[in-house]
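[1] dropping the sequence and predicted coords here.
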Amino acid sequence: MIFRALVLFGLFIVVLVGCGKREHWSEREAVSHLTEKKAYDRARAFASLIPGCGVAPVTDTSDSMGHHISSYSYVLYERDWEGIKEDVTVVMIKPTGGFQCHRALRVKGDMILTAGTNNERHDEWLPKSSYMGNVFSYVLHER
């Protein structure tokens, strides 16, 4: 048990030291060694195996989902409006402009209320047409 804890702590230190210089908005944000193109290609290849699966870049670079979704990622999502679990499911939305990942707080008819996990306030109610799908995975890329 102690050995396992030491190994995990050692891996944590290696990852922490290996992250290098941080120049983005959040020190909590995960990145990968993959180029952005390779990450996109891998996400598309994976998505092609799942009917109804989509891929989109996270374009909202605020800290609203820090620790959960990195802006250095391609998100895989699946359209499943009925499968949304309030306060649990992270959804890909496109209200205006770029794609965003936020937690689904409430679903009422054809409207959805979302909020970033790190936000104190929720977003505006959005129509179902702004909903892209439920996030189930992502592929990180380098900065």
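    Alright, I've got the coordinates. Numbers count the residues shown, from 1 in each chain.

[2] and for His68, the neighbour number?
    Close neighbours of His68, defined as other Cβ atoms under 10 Å, add up to 17. Backbone N, C-alpha and C define where each C-beta goes, glycine included.

[3] sorry, slip of the keys, the one I care about is Cys53.
    Cys53, neighbours per other Cβ under 10 Å, totals 18.

[4] name the nearest residue to the residue most central in space within the chain, ignoring sequence neighbours.
    Nearest residue to the geometric centre of the chain (Cα atoms, centre = their mean): Ile69, 3.1 Å. Once flanking residues are discounted, Ile69 sits nearest to Cys101: 4.4 Å by Cβ to Cβ, 6 or more residues apart in numbering.

[5] that neighbour and Gly133 touch, don't they?
    No - with contact defined as Cβ atoms under 8 Å, Cys101 does not reach Gly133; the gap is 10.5 Å.

[6] what touches both of these two?
    By Cβ atoms under 8 Å, 6 or more residues apart in numbering, Cys101 and Gly133 have these common neighbours: 91-92.

[7] of these two, which one has the most company?
    Cys101 (26 against 22).

[8] check which helices and strands the helix or strand hosting that one sits against.
    Under DSSP states H and E, the secondary-structure element containing Cys101 is strand 100-108. Applying 3 or more Cβ pairs under 8 Å, 6 or more residues apart in numbering; DSSP states H and E, one finds that strand 100-108 contacts strand 90-93, strand 111-115.

[9] brilliant, that's me finished.
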